[in-house]
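# A predicted structure for the sequence below; I have some questions about it.
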Amino acid sequence: MSATSQPQPPSPALIFDTLNAYQRTAALRGAIELDLFTAIAEGKKTAQDLAARIQASEKGTRVLCDFLVIVGFLTKQGNDYGLTGDSAIFLDRKSPAYMGTIADFLSKVGQETGAFNDLAAVVRKGGTVISDEGTVSPDNPIWVNFARTMAPLMGPPSESIAKIIDADAGKKWKVLDIAAGHGLFGIAIAKHNPNAAIVALDWAAVLEVAKENAQKSGVAARYSTLPGSAFDVDFGSGYDIVLITNFLHHFDVATNETLLRKIHAALGPGGRAVTLEFVPNEDRVTPALEASFSMMMLGTTAHGDAYTFAEYDAMFRNSGFARSEMRELSPLPQRVIVSYK
């Protein structure tokens, strides 16, 4: 047996790293707030130059930069710091793919992170302890924040979905976008298909963000809104496409099937439901990002989960759909499920 194949001795390193993992979140959020990545993109390389640019202490800047090198957000050659490929694309404020705004939703203390202050209590209960309904309570203001801050993350999958359903074919479509949020999924279809009319459904305050984005994208004339709860509002009928993006994971199977039966009834002949979700493999531990989303749902919702494709397929079939197909969005982490009436 070679030396490289010898089993590694037990080590507390993973325990230590995990209990200190909050520092990674704090470091990234702090660097975004300080515009550190943008400063490096502008040519500031040393701790001294960066400190002057971001108006911080030289020591604090050096420690933060070194930590970001260690965890993989920066590079270091001698005393010069540089951006990794991911940081250059997604964390430089001047990049068209900038995603720094998502920190305002994902790491805001008392919002998402606060749901995990007592995980033992969450596990004992089997769901969130922040309130009876968690983040899906009616008109929860966090969804306005979500719509404004998470849009950059949803741009690529919205374009991918428009291509998957062949929006470029230019057919006359009536599209319902459930829990539209920022509206990017419906807007992407409208941009690809000049004959598509979009109906966006969400809480009234959230829909103001979607309408702003539709106006900016030049599709406002074909973009209407339907305020209220997806479980209560009358959808109407005759839809060719119903978008269900990042929504079903908030609820239990029975609740989802109630909604899916309503969606099935609202679709016209040959209509399709298009679902975007974090879908783990059947082992529920791979891929890591999709599988770990179940923990997010455990902490923030009363009954939500990250469901497998087999579970989604059963939900759609039980609700009247003929069949469902899963499409990969690689290298994006989520998966698309297209279900046919």
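Everything's here; your move. None of the values given here were measured: they were computed from a predicted structure.
# When you work out contacts or count neighbours from here on, use the C-alpha atoms and nothing else.
OK.
# what's the strand or helix carrying E208 in contact with?
Assessed by DSSP states H and E, E208 sits inside helix 204-216. With Cα atoms under 8 Å, 6 or more residues apart in numbering as the test, helix 204-216 has contacts from 139, 143-144, 147-148, 180-184, 187, 200-201, 220, 223, 225, 227-228.
# tell me which residues in it are buried?
204-211, 213-214 (16 or more other Cα atoms under 10 Å).
# Closest to L91 out of these?
N213 (21.7 Å; Cα to Cα).
# circling back: dump the helix holding E208 to CSV, restricted to CA.
C-alpha atoms of helix 204-216 as CSV (Å, rounded to 0.1, in the frame of the first residue of the first chain):
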residue,chain,number,x,y,z
ALA,A,204,-48.8,43.7,-4.7
ALA,A,205,-45.7,45.3,-3.2
VAL,A,206,-43.5,42.7,-4.9
LEU,A,207,-45.2,43.2,-8.2
GLU,A,208,-44.1,46.8,-8.2
VAL,A,209,-40.5,45.6,-8.6
ALA,A,210,-41.5,43.2,-11.5
LYS,A,211,-43.3,46.1,-13.2
GLU,A,212,-40.2,48.3,-13.0
ASN,A,213,-38.1,45.5,-14.6
ALA,A,214,-40.7,44.9,-17.3
GLN,A,215,-40.6,48.7,-18.1
LYS,A,216,-36.8,48.7,-18.2
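# who does Y81 bridge with?
Following DSSP bridges, Y81 is listed with bridge partners K76.
# Identify the residues contacting it.
40, 45-46, 65, 74-75.
# can you pick the most crowded of the residues you listed?
C65 (25 neighbours; other Cα atoms under 10 Å).
# so what's that residue up against?
Here C65 is in contact with 47, 74, 81 (Cα under 8 Å, 6+ apart).
# State the distance from it to S319.
According to Cα to Cα, to the nearest Å, C65 and S319 sit 52 Å apart.
# Also F251?
Applying Cα to Cα to F251 and S319 gives a distance of 15 Å.
# returning to what we had before: now go through the contacts of helix 204-216 and say which are in strands.
The strands, defined by DSSP state E, take in 200-201, 223, 225, 227 from the contacts of helix 204-216.
# Between the residues you listed, which sits nearest N246?
Of these, the one sitting nearest to N246 (Cα to Cα) turns out to be L201, at 13.5 Å.
# isn't the closest one right next to A180, touching?
Yes - between L201 and A180 there is a contact at 5.7 Å, judged by Cα atoms under 8 Å.
# Specify which residue of these two has the higher count of neighbours.
A180 (28 against 25).
# Identify the residues contacting that one.
With contact taken as Cα under 8 Å, 6+ apart, A180 is in contact with 186, 200-202, 207, 210, 245.
# is it possible to export those to a markdown table including pLDDT?
What follows is the contacts of A180, written out as a markdown table (pLDDT from 0 to 100):
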| residue | pLDDT |
| --- | --- |
| G186 | 98 |
| A200 | 98 |
| L201 | 97 |
| D202 | 96 |
| L207 | 96 |
| A210 | 95 |
| T245 | 97 |
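# now, the most widely separated pair of the residues you listed?
So for the contacts of A180, where distance means Cα to Cα, the most widely separated pair is L207 and T245, at 15.0 Å.
# Show me the domain layout of this structure.
The chain is divided into the following domains under automatic domain parsing: 10-98, 114-340.
# and the ones you listed, which is most packed in?
domain 114-340 (a mean of 19; mean count of other Cα atoms under 10 Å).
# got the CA coordinates for stretch 294-312 in CSV?
In CSV, the C-alpha atoms belonging to stretch 294-312 read as follows (Å, rounded to 0.1, in the frame of the first residue of the first chain):
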residue,chain,number,x,y,z
SER,A,294,-33.3,21.1,2.3
MET,A,295,-31.6,22.6,5.3
MET,A,296,-32.6,26.1,4.1
MET,A,297,-36.2,25.0,3.9
LEU,A,298,-36.1,23.3,7.3
GLY,A,299,-35.0,26.5,9.0
THR,A,300,-37.2,29.0,7.1
THR,A,301,-40.4,27.2,6.3
ALA,A,302,-43.0,25.2,8.2
HIS,A,303,-43.2,22.3,5.8
GLY,A,304,-40.8,23.0,2.9
ASP,A,305,-38.2,20.7,1.4
ALA,A,306,-35.8,20.1,-1.5
TYR,A,307,-37.7,17.4,-3.4
THR,A,308,-36.3,14.8,-5.8
PHE,A,309,-37.4,14.6,-9.4
ALA,A,310,-39.3,11.4,-8.5
GLU,A,311,-41.2,13.3,-5.9
TYR,A,312,-42.0,16.2,-8.3
